[in-house]
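Trainee: Got a predicted model here, sequence first, then my questions.
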Amino acid sequence: MLRLLETFFRHRLLLLGPVALVIAGSIGWVVIQPPAYDSSVRMWVERQTLVPDPNSNPYLSPAQEQAAVLTELLSTKYFDSKVGKRSRLADSIRTGAAGSQDGMMTRVTQALARALGRAGSPAELSSSQVDDQVAAIISSRTIVIPTGPEVITLTFRAGSSDLAARVAQAIADQYLEETLANQRVQADAAVAFYTSQMKQSQADLSVADKAVDDYLLANPGQRGANAIPDARLVQLRRDDDAAHQRLQTVQDKLDQARLNRVALDQVGVNGLRVLDRAEAPTSPSSIRKVALEATGVGLVLATLIVVVGVLVLTWMDSTIRRPQEVEDILDLRPVGSVPRVG
């Protein structure tokens, strides 16, 4: 450890020079960043009652559950591509208008390439390439957080205030549409299932009624009001009563499923609605996040440079500075030493 400290102080200018360059680069990176605008949407969420979710966690608030679902959707190309078409972000990327979203270094590099004649004519992007860029932009610049038990705040960051507002609102609208469509599919499936069960129950009831009628026709003595029914007739009537009960139960469930499906066509019944729509911000957001990121990266690089530099310089230094090192390296006992003068 002492030898490492000696190496550092002997070559401090050599080691601290790159550190100063890294710090200056970090500061310059913060300065040249283009302005960014944040636009937010606030949504009200409730637990689904018309179409219950079997995976619902009772220990999480509705906002936490829906925020997790929306975050997962944002990581999919399917959802992001729809948002890109709804917000016209895809058209901006296809026409090159989204180039203003690039950083200063990217724009400077492109300008130098054009000046040197090395930039070819821009090729038209395919639909898959546009969708890839849309997904990368939306997934990396969107933040979804629950700000209350039943409130979700969605924030999107872009290089222009108009684009930030359009994409943020498009994400919220697409999420509401996807959720409502999913609930309608489940409601339609429930209606179809109970309709088939209704037909089966009606067929079973017809069979049970016919069995009772056939038995009474074959045994006229069992029709009298005072007749004592035998065990066979008692069992047939029990089966017939059970068939009636099953039919009534299925009918009740079918009616409820149809009611739920009709209710889903009404606005706000699914428990999701937008409280505050996205608005175009009038001023850029704070650069605190960028400054913190640049500071963190600069500190890591500076520390790495110092540590690696000290280790390399110590390993390359073959100078013997102490009598003990002579004995350790040459296996010889020193007879004396001359003190350093001046």
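Mentor: Cool, the structure landed.
Trainee: so where's the stretch 101-250 of the chain shaky on pLDDT?
Mentor: For the stretch 101-250 of the chain, the stretches flagged by pLDDT under 70 are 101-123.
Trainee: what ranges do the helices span in it?
Mentor: In the stretch 101-250 of the chain, the segments counted as helices under DSSP state H, counting those that start in this stretch are 104-115, 127-141, 161-218, 231-263.
Trainee: ok and the last one relative to helix 161-218, angle-wise?
Mentor: Between the direction of helix 231-263 and that of helix 161-218, the angle (axes from the mean of the first three to the mean of the last three CA atoms, to 10 degrees) works out to 160 degrees.
Trainee: which stretch among the helices of the stretch 101-250 of the chain comes nearest Ser285?
Mentor: helix 161-218 (9.2 Å; CB to CB). Where you see a C-beta, it was placed from the backbone N, CA and C, and this is true even at glycine.
Trainee: that older thread, can you tell me which of the helices of the stretch 101-250 of the chain comes nearest to Ala294?
Mentor: Of all the helices of the stretch 101-250 of the chain, helix 104-115 comes closest under CB to CB, at 12.8 Å.
Trainee: Quick check: the residue of the chain positioned farthest from its centre vs Asp209, distance?
Mentor: Distance from the C-alpha centroid of the chain, by CA atoms, centre = their mean, peaks at Gly221 (73.5 Å). Separation of Gly221 from Asp209 (CB to CB, to the nearest Å): 20 Å.
Trainee: Hmm, Ala227 and the residue farthest from the centre of the chain touching each other?
Mentor: Yes - when contacts are counted by CB atoms under 8 Å, Gly221 is listed as touching Ala227 (6.0 Å).
Trainee: so what's in contact with those two at the same time?
Mentor: In the contact map built from CB atoms under 8 Å, 6 or more residues apart in numbering, no residue is linked to both Gly221 and Ala227.
Trainee: In terms of pLDDT, where does Val274 sit?
Mentor: At Val274, the pLDDT value in this model is 91.
Trainee: Name whatever forms a beta bridge with it.
Mentor: Met43 (DSSP bridges).
Trainee: ok, it - how many residues close by?
Mentor: Neighbours of Val274 under the rule other CB atoms under 10 Å: 17.
Trainee: you'd agree it is up against Met43?
Mentor: Yes - the pair Val274 / Met43 is scored as a contact, 5.5 Å apart, by CB under 8 Å.
Trainee: Can you give me every residue that contacts the residue nearest the centre of the chain?
Mentor: Closest residue to the average C-alpha location of the chain: Thr71 at 2.3 Å, with CA atoms, centre = their mean. Shown in contact with Thr71 (CB under 8 Å, 6+ apart): Val144.
Trainee: Would you mind measuring from it to Leu264?
Mentor: 24 Å.
Trainee: Next one: the residue nearest to the centre of the chain from Gln48, what distance?
Mentor: 18 Å.
Trainee: Domain map for this structure?
Mentor: Per automatic domain parsing, the structural domains of the chain span 1-33+287-335, 189-263.
Trainee: Of these, which is nearest Ile145?
Mentor: domain 1-33+287-335 (14.5 Å).
Trainee: Off-centre distance for that closest one?
Mentor: Centre-to-centre, domain 1-33+287-335 and its host chain are 41 Å apart (CA atoms, centre = their mean, to the nearest Å).
Trainee: Dump the helices of the stretch 101-250 of the chain to a markdown table, plus distance to Thr155 and mean neighbour count.
Mentor: Listed next are those as a markdown table, based on distance: least, CB to CB, whole Å; neighbours: other CB atoms under 10 Å:
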| stretch | distance to Thr155 | mean neighbour count |
| --- | --- | --- |
| helix 104-115 | 23 | 12 |
| helix 127-141 | 9 | 17 |
| helix 161-218 | 7 | 17 |
| helix 231-263 | 32 | 15 |
